[in-house]
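**Q** I would like the atomic coordinates for the input below:
(chains A, B, C and D)
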There are 2 protein chains.
Amino acid sequence: MARSSIHISGNLFGLILAVLESAPLHGYGIAREIEIRSSDALSFGEGTLYPALRALEQDGFIEARWDTSGTGPAKKVYELTPDGKAELARIREAWRDYSRSIDQVLGGLPKMQSA
Amino acid sequence: MARSSIHISGNLFGLILAVLESAPLHGYGIAREIEIRSSDALSFGEGTLYPALRALEQDGFIEARWDTSGTGPAKKVYELTPDGKAELARIREAWRDYSRSIDQVLGGLPKMQSA
DNA sequence: GTAGTATACATCGATTACCGATGTAGCGGT
DNA sequence: ACCGCTACATCGGTAATCGATGTATACTAC
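**A** Numbers count the residues shown, from 1 in each chain, chains lettered A, B, ... in the order given. Here you go, the predicted model:
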C-alpha cells in the first residue's frame, strides 16, 4: 500500500483528473492508480483523497454515481465532466510552466533542451 | 515588483540555495535574482523570504555576514556552506524524481523522452 | 462461525508552508 | 520636504494535506 513516499503538494487535483481522463473510477481505485502510474513514488492517505474529490465535485469538474453492482462495499464512481477536462488542460499547462521555471532556477543538469 | 505569479510550494529552499551556488548574495537580492532567472514566473514576498533564510541558516546550509560597505541600508550577505551544497544536490535529485513522477501521472504531451 | 485481511467510504484535528500586511530605516532624486 | 527604492524584520491568517480513527462489506482460512 506504499504510504510514506514524497507528498503531493499542489498537484493533487491534477493527478486525480488525469487518472479520470482515462476512464471513470472510484475514489479508492484512483489512489491506487496514481501509485501504480508513479511507480509508488506518489502516494497519499484517505484524509487527503476524499476531501479533494468532494471539492472537485462541488466545482463541477467531476460527477459521482454509486455503483452497488460489484462485490465488496458500494463504490462511488467518478467521471470527468467537460469542465473537468478543460480544467485538466489548464492544470497541465500550469504545471509545465511551473516545472520549467523551477528547472530554470534550480539548474543542475539541463534536460536536453532544444537549441 | 512582480508579485502575484504562481507560488513556490515546496521548492523555496532549493531555489535559494541554487541562487547562492553561483555567488554569495543578500536576501533582497536573492528574491530579485529568482524573479529574473524565472522570467518573473516565480516570485514571493518578504514574509516568505526571511523566515526561509533563517531556517536555512539554523540548519547550517548557509552562513551570513553583514556588509555595510556599499550604499543604502546594510546588507546581510549569505553564502553556501559545504552542507548547503550537499543539501542542494539532494534537493535537485528529489525535484527531478518528483517532477518526473508528476509528468508520468499527469501525462499530456510527453517531453521528448529517450527511446 | 469467527478472525483476519482487503476494499471502500468518511471525518476531524494538527501541522506545515506560505502569503499579505505592516513596520523601520537609509539613501537618491526632484 | 517628500517620494520611491533598497533592505531588513515580524506577525497573523489561510490553505493544503497528513495521520489517526471510525464504519461497513465481503472473501479466505481455520
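**Q** Wait, a strand at residue A:66?
**A** Yes. Per DSSP: H, G, I helix; E, B strand; the rest coil, residue A:66 lies within a strand segment.
**Q** how close does it sit to residue B:91?
**A** 44 Å (CB to CB, to the nearest Å). (C-beta placed from N, C-alpha, C; glycine too.)
**Q** Between these two, which has more neighbouring residues?
**A** Relative neighbour count places residue B:91 above the other of residue A:66 and residue B:91, with 19 against 10, counting by other CB atoms under 10 Å in any protein chain shown.
**Q** Point me to the helix or strand that includes the more buried one.
**A** For residue B:91, the enclosing helix or strand under DSSP states H and E is helix B:82-106.
**Q** List, one by one, the residues from chain A near DNA strand C.
**A** Within chain A, the residues that sit near DNA strand C (CB under 7 Å from any atom of the strand) are A:1, A:26-29, A:46-47, A:50-51, A:53-54, A:70, A:72-77.
**Q** Take the residues you listed and keep only those in strands.
**A** Secondary-structure check on the residues of chain A next to DNA strand C using DSSP state E: residues within strands are A:26, A:75, A:76, A:77.
**Q** From these, keep the buried residues only.
**A** Judged by neighbour count, with 16 or more other CB atoms under 10 Å in any protein chain shown as the criterion, the buried members of these are A:26, A:75, A:77.
**Q** now those residues in CSV, with distance to residue B:84 and pLDDT?
**A** Written out in CSV, the entries for those read as follows (distance: CB to CB, whole Å; pLDDT from 0 to 100):
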residue, distance to residue B:84, pLDDT
A:26, 45, 95
A:75, 49, 94
A:77, 49, 97
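**Q** Could you single out the nearest of those residues to DNA strand C?
**A** Comparing these against DNA strand C with CB to the nearest atom of the strand picks out residue A:26 as the nearest, at 3.4 Å.
**Q** Now that closest one: closest residue in space, sequence neighbours ignored.
**A** Across the structure, with CB to CB, 6 or more residues apart in numbering or on different chains as the measure, the residue nearest residue A:26 apart from its sequence neighbours is residue A:75 (3.9 Å).
**Q** How about residue A:44?
**A** In this structure, residue A:44 finds its nearest non-sequential neighbour in residue A:8, 5.5 Å apart by CB to CB, 6+ apart.
**Q** Can you measure across stretch A:39-46, start residue to end residue?
**A** Distance between the boundary residues of stretch A:39-46 (CA to CA, to the nearest Å) amounts to 19 Å.
**Q** With stretch A:28-48 instead?
**A** Its first and final residues considered, stretch A:28-48 spans 12 Å by CA to CA.
**Q** which bits of chain A sit near DNA strand D?
**A** Counting by CB under 7 Å from any atom of the strand, chain A comes close to DNA strand D at A:3-4, A:7-13, A:44-48, A:51-52, A:71-73.
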